[in-house]
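*Asks:* Have a look; sequence and predicted model below, questions after that.
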Amino acid sequence: MTEPKIKIWKFLKITVSSLLITALALFTAAAIRTLSLDVNVGLQLARWEKSNNISLVIDQHQREELLARFKEAVRIPTVSFSDTESNTTALRQFDSFLRKAFPKVFSSSLVHHELVANYSHLFRVQGSQPKLVPYLLLAHIDVVPAKESDGWEAPPFAAKEIDDFIYGRGTIDDKCSLMGILQALEYLLIRGYAPRRGFYIGLGHDEEARGFNGAMNIVRVMKERGVKLSFILDEGMAVVDGVISGLDGPAALIGISEKGSANVKLSVSMAPGHSSMPPRESSIGILAAAVKRLEDNPMPRLFGYGAERETFEHLAHKFGLPLKFIMSNLWLFSPLLGRVLERKPLTNAFVRTTTAVTMFNAGVKVNIIPSLAEAHVNLRIHSAHSLQEVLDFIQDTVGDERVKIELIDGFDPLPISSSDEQSFGFQIIKKTVLDMFPTLTVAPGICIGNTDSRHFKDLASDIYRFAPVWFKPGDVQRFHGINERISKKNYEELIVFYFNLIQNCDIQKLPEPHTSVHEL
Ligand SMILES: CCCCCCCC/C=C\CCCCCCCC(=O)N[C@@H](Cc1ccc(O)cc1)C(=O)O
Ligand SMILES: [Zn+2]
Ligand SMILES: [Zn+2]
């Protein structure tokens with residue numbers, strides 16, 4: 001009699017555990033389905049108003065010419081050495097080069113061109129329908145310094161071709177966008193294209209020195225004229241392919257915000273004296289201890305509280321389990337994911353306000369007790385922090401009244417631009433990317449560095465930072481580093497991207513998603 005009882009008991013146990021497993025699996029699947037955004041539904045399926053775009057077919061002769069022009073641009077060393085020192089001869093040379101390289105842009109009756117602050121350029125391309133709010137494409141002329149002896153495979157201003165890549169300072173940052181925009185406009189004008197929606201092109205000459213002369217004066221000119229923009233597109237984010245571990249396939253990250261920034265000077269002053277009678281603590285020692293405290297106590301993880309949350313929610317479906325599940329449920333797992341992401345410098349930048357000690361100066365002679373020790377700290381502010389919170393944190397962490405703390409400059413994180421179905425700029429950029437690269441995942445991203453576009457925030461509520469530059473493993477280090485390069489194919493893709501983007505902007509409004517559409 002005992003056997004059937006055991007059998008029934010076993011049967012019940014198996015049934016209950018199967019039910020529990022099934023329920024858990026269903027819950028998991030539901031959680032993944034409900035919380036993971038399917039980023040490719042919506043507008044992709046909607047009908048776009050206008051589909052008779054001119055397509056750009058580049059023949060071999062044009063290919064050689066456009067590459068020659070690009071190389072010539074890279075060969076002009078438009079270096080910003082510091083906030084106050086730049087190669088003005090090269091900037092002048094760049095001006096003459098642009099006029100020669102893009103004759104149609106500079107002669108078309110549709111294009112108004114002006115020099116701003118001597119070396120920056122502002123183009124206004126007239127639209128046939130003045131009611132359509134114009135947009136602005138930004139890029140910058142200047143580049144950061146580069147020394148061949150740092151380990152370049154080719155001289156940084158030679159634009160040498162190696163294995164179908166063009167090597168040189170500025171190939172990614174930012175002459176590919178600058179030349180891509182103007183080349184696209186040149187081709188459109190040659191093909192007789194007259195845009196419906198007017199637009200501006202702004203080329204700053206000192207972005208690498210914070211844009212105080214170039215971008216800020218372009219903003220001044222545009223403000224004086226009462227210009228309002230529907231959106232702005234600048235450098236910043238890119239297509240990442242194999243850069244984010246675990247992500248299946250490439251993703252285009254469109255920057256919808258950028259981190260804030262603070263430059264803080266720490267200094268300690270003491271009476272100088274003979275090194276044979278040192279005080280118990282020197283200015284260098286006190287400052288070094290303060291700096292060490294800042295390095296040992298990073299600002300808290302804020303992963304999940306800022307705009308980076310959207311990036312991971314959009315990308316979740318492209319990860320395998322368990323990451324897919326974790327990213328789809330950030331309400332629960334953001335502290336866990338934050339801990340994983342903070343392990344690498346690139347992903348740590350998305351998790352918190354970062355602290356970088358960038359300069360340290362003290363002492364004049366080996367046998368003199370130094371009177372002054374100074375350090376500069378550069379902080380990049382997470383979108384859930386404010387500049388004031390960062391300053392308070394530094395004060396508390398340094399915790400030593402002998403250390404003077406001065407804010408040299410700083411600003412809050414930039415506002416978060418729209419990226420929903422009704423967001424004109426975001427959807428136009430997304431459509432343009434997906435038409436060219438249908439298998440990409442497009443997601444909103446955060447720009448961890450700063451761009452000229454931040455100076456334009458009063459002119460447009462939507463600012464995007466993106467160009468379809470492909471970053472593969474190891475490429476992120478080329479940015480401001482050695483062996484900066486772009487493939488010839490990728491440069492051509494940039495031209496096609498801007499060529500199509502300008503035409504895609506000519507729609508009156510976005511296709512109707514569900515409800516009403518923003519007036520533009
Ligand atoms: C989840 C992981 C996603 C990884 C995506 C990475 C793709 C892009 C990789 C690198 C791009 C990061 C740089 C963005 C553009 C920054 C441009 C720049 O360098 N700006 C300067 C401006 C500046 C500020 C202060 C100065 O004294 C001079 C110049 C900057 O330092 O921010
Ligand atoms: Zn740049
Ligand atoms: Zn740069």
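*Replies:* Received it, and whenever you're ready, just let me know what you need. Ligands and ions are numbered 1, 2, ... in the order given.
*Asks:* Enumerate the residues of the chain near ligand 1.
*Replies:* Contact residues (CB under 6 Å from any ligand atom) of the chain with ligand 1: 208-210, 235-238, 240, 243-244, 253, 346-347, 350, 447-451, 471, 476, 479. For every residue, glycine as well, the C-beta is placed using N, CA and C.
*Asks:* same thing but at 5 Å, please
*Replies:* For the chain, the residues in contact with ligand 1 (CB under 5 Å from any ligand atom) are 210, 236, 238, 449-450, 476.
*Asks:* For ChimeraX, write the selection for the buried entries among those.
*Replies:* Per 16 or more other CB atoms under 10 Å, the buried members of those correspond to this ChimeraX selection:
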select :210,236,238,449,450
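*Asks:* of all the residues of the chain next to ligand 1, which comes closest to ligand 1?
*Replies:* The closest of the residues of the chain next to ligand 1 to ligand 1 turns out to be residue 449 (CB to the nearest ligand atom; 2.6 Å).
*Asks:* ok, the closest one to residue 260 distance?
*Replies:* Residue 449 sits at a distance of 12 Å from residue 260 (criterion: CB to CB, to the nearest Å).
*Asks:* count of neighbours near the nearest residue to residue 470 once chain neighbours are set aside?
*Replies:* Distances taken as CB to CB, 6 or more residues apart in numbering put residue 239 closest to residue 470, at 4.9 Å, once the chain neighbours are dropped. The tally of other residues near residue 239 (other CB atoms under 10 Å) stands at 23.
*Asks:* so residue 239 is in which element?
*Replies:* Taking DSSP states H and E as the definition, residue 239 sits inside strand 232-240.
*Asks:* Report the mean confidence score over that strand.
*Replies:* For strand 232-240, the per-residue pLDDT values average out at 98.
*Asks:* May I have the strands that pair with it, each with its orientation?
*Replies:* Strands that pair with strand 232-240, judged by DSSP bridges, come out as strand 135-140 (parallel), strand 251-258 (antiparallel), strand 463-471 (parallel).
*Asks:* got the CA coordinates for the shortest one in PDB?
*Replies:* It refers to strand 135-140. Listed next in PDB are the C-alpha coordinates belonging to strand 135-140 (Å, rounded to 0.1, in the frame of the first residue of the first chain):
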ATOM      1  CA  TYR A 135      18.200  72.600 -38.700                       C
ATOM      2  CA  LEU A 136      21.900  72.900 -38.100                       C
ATOM      3  CA  LEU A 137      24.800  70.600 -39.000                       C
ATOM      4  CA  LEU A 138      27.900  71.200 -37.000                       C
ATOM      5  CA  ALA A 139      31.500  70.000 -37.400                       C
ATOM      6  CA  HIS A 140      34.900  71.500 -36.500                       C
END
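*Asks:* how deep is residue 117 tucked in, by neighbour count?
*Replies:* Per other CB under 10 Å, the neighbour tally for residue 117 reads 17.
*Asks:* just to revisit the earlier point, for the residues of the chain next to ligand 1, give me a markdown table that also has distance to residue 305.
*Replies:* As requested, these are exported to a markdown table (distance: CB to CB, whole Å):
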| residue | distance to residue 305 |
| --- | --- |
| 210 | 27 |
| 236 | 21 |
| 238 | 25 |
| 449 | 20 |
| 450 | 21 |
| 476 | 24 |
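*Asks:* list the contacts for the most centrally placed residue in the chain?
*Replies:* Centroid-nearest residue in the chain, with CA atoms, centre = their mean: residue 236, separated by 2.4 Å. Shown in contact with residue 236 (CB atoms under 8 Å, 6 or more residues apart in numbering): 255, 258, 447, 449, 451, 453, 465-467.
*Asks:* Could you identify the most distant pair in these?
*Replies:* With CB to CB as the measure, no two of these lie farther apart than 258 and 467, at 14.7 Å.
*Asks:* ok so, going back, between residue 449 and residue 260, what contacts are shared?
*Replies:* Taking CB under 8 Å, 6+ apart as the contact rule, residue 449 and residue 260 both touch residue 380.
*Asks:* which one of the contacts of residue 236 is nearest ligand 2?
*Replies:* The closest of these to ligand 2 turns out to be residue 451 (CB to the ion; 6.6 Å).
*Asks:* Which parts of the stretch 201-350 of the chain are helices?
*Replies:* 214-224, 283-296, 308-315, 323-328, 330-341, 345-348 (DSSP state H, counting those that start in this stretch).
*Asks:* quick revisit: export the strands paired with strand 232-240 to JSON lines and tack on mean neighbour count, mean pLDDT and distance to ligand 2?
*Replies:* Listed next are the strands paired with strand 232-240 as JSON lines, based on neighbours: other CB atoms under 10 Å; pLDDT from 0 to 100; distance: least, CB to the ion, whole Å:
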{"stretch": "strand 135-140", "mean neighbour count": "26", "mean pLDDT": "99", "distance to ligand 2": "6"}
{"stretch": "strand 251-258", "mean neighbour count": "26", "mean pLDDT": "98", "distance to ligand 2": "12"}
{"stretch": "strand 463-471", "mean neighbour count": "25", "mean pLDDT": "98", "distance to ligand 2": "10"}
